[in-house]
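>>> Return atomic coordinates for the entry below.
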Amino acid sequence: MEFLMVIGLGLVGLAAGTLGGMFGIGGGSIIVPALMLLLNFSQTQANGTSLAALLLPVGILGCIEYYRAGKLKIGPAVASALGIALGVWFGAGFALGLDALTLRQAYAIFLFYIAWRYTSPRLWWRESHGLGEVKIREETLIDVSRPIILVACVAIGALAGVFAGLFGIGGGLVIVPLLILLGFDQKLATGTSLGALLLPSGLPGVIRYYQAGQLEILAALPVALGLLLGALLGARFALGLSAKTVRRLFGIFLFFIGLRFILVA
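So this is what the prediction gives:
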């Protein structure tokens, strides 16, 4: 692999890691299209390579930042990771054996809906014109250690795992909004998602892509190194912002990721 290509892959990982640290996502939503554009990877090759890069504990530095700030709870993170491990095997199988166009479009619609809810453009417009202030909870009001909450986290993780296996993403695009719907505040959902993605929960999907010859290990390594540094930068940036700002930025990000799923064949 050429030196400039290695640098380029590292920069892809850095960008993906920064967004991952900010929003609690694995970064695959950046890695997959970048691999398809830069290296002419197929969809399944990009998926497998992305999952392999995310298999390493690339978010550890970001997780430490969230944990120190009290925005990462171990129980929900482990429960979500267990769910991802259960779901990612099936998602990878679907991606390798089926035409996922309809599911991609349905997923994009889901992202558009969450983006709309997060950005609340009408309320944002009213706030910008001095007609009222949008208030976002900064603290979680539920006991996230309750067994029913942990069971819900497993279910959320399983759903995220299916999408992770299908599209080579870490699953945080599903985990974060659903944890917030469950009652988590924005930053706790972000930190918990990043913690869940820290564990090698994508291993079953990686194995399936490897067995199918759809995994590029040499491309995954420089991406993983970039992810490691980027996660720290993104976490520090997000923790310094208000929950409302992070929520809106995440909504805008989801909108563009939804467009990618609609427009990229």
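>>> per-residue confidence at L98?
With respect to pLDDT, L98 scores 59.
>>> can you check K135 too?
62.
>>> is it true that R260 touches A34?
No - in this structure, R260 is not within contact of A34 by CB atoms under 8 Å, at 10.8 Å. Placement of C-beta: from N, CA and C, glycine included.
>>> These two - which one has more neighbours?
Taking other CB atoms under 10 Å, R260 and A34 do not tie; A34 has more neighbours (22 against 16).
>>> The more buried one contacts V12, doesn't it?
Yes - the pair A34 / V12 is scored as a contact, 4.4 Å apart, by CB under 8 Å.
>>> Tell me the predicted confidence for V32.
80.
>>> tell me which residues of the one helix or strand it maps to are tucked away?
For V32, the host element (DSSP states H and E) is helix 28-38. Counting neighbours by 16 or more other CB atoms under 10 Å, one finds that the buried residues in helix 28-38 are G28, S29, I30, I31, V32, P33, A34, L35, M36.
>>> Now tabulate those residues in JSON lines and tack on distance to Y113.
JSON lines is the format used below for the buried residues of helix 28-38 (distance: CB to CB, whole Å):
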{"residue": "G28", "distance to Y113": "20"}
{"residue": "S29", "distance to Y113": "16"}
{"residue": "I30", "distance to Y113": "21"}
{"residue": "I31", "distance to Y113": "24"}
{"residue": "V32", "distance to Y113": "21"}
{"residue": "P33", "distance to Y113": "21"}
{"residue": "A34", "distance to Y113": "25"}
{"residue": "L35", "distance to Y113": "27"}
{"residue": "M36", "distance to Y113": "25"}
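>>> so after the helix holding V32, what's the next helix or strand?
With elements assigned by DSSP H and E, the helix or strand that comes after helix 28-38 is helix 43-55.
>>> Quick one: mean pLDDT for the helix or strand just after that following helix?
Note on helix 43-55: by DSSP H and E, the next helix or strand toward the C-terminus is helix 60-68. Confidence for helix 60-68, expressed as mean pLDDT, is 92.
>>> ok, the buried residues of helix 28-38 vs A108, which is closest?
Lowest distance from A108 to the buried residues of helix 28-38 (CB to CB) belongs to S29, with 11.5 Å.
>>> ok, now which ones touch A108?
Neighbouring residues of A108 by CB atoms under 8 Å, 6 or more residues apart in numbering: G258, L259, F261, I262.
>>> hmm, 7 Å instead?
Applying CB atoms under 7 Å, 6 or more residues apart in numbering to A108 gives the contacts G258, F261, I262.
>>> Scan those residues and report the most crowded one.
Within the contacts of A108, most neighbours by other CB under 10 Å means G258, with 22 neighbours.
>>> Phi, psi for that residue please.
The phi/psi pair for G258 (degrees, to the nearest 10) reads phi -60, psi -40.
>>> Can you tell me how far it is from V58?
For G258, the distance to V58 equals 24 Å [CB to CB, to the nearest Å].
>>> ok, now Q211?
Q211 is 23 Å from V58, by CB to CB.
>>> Please apply the same query to K71.
Look at K71 and V58: by CB to CB, they are 19 Å apart.
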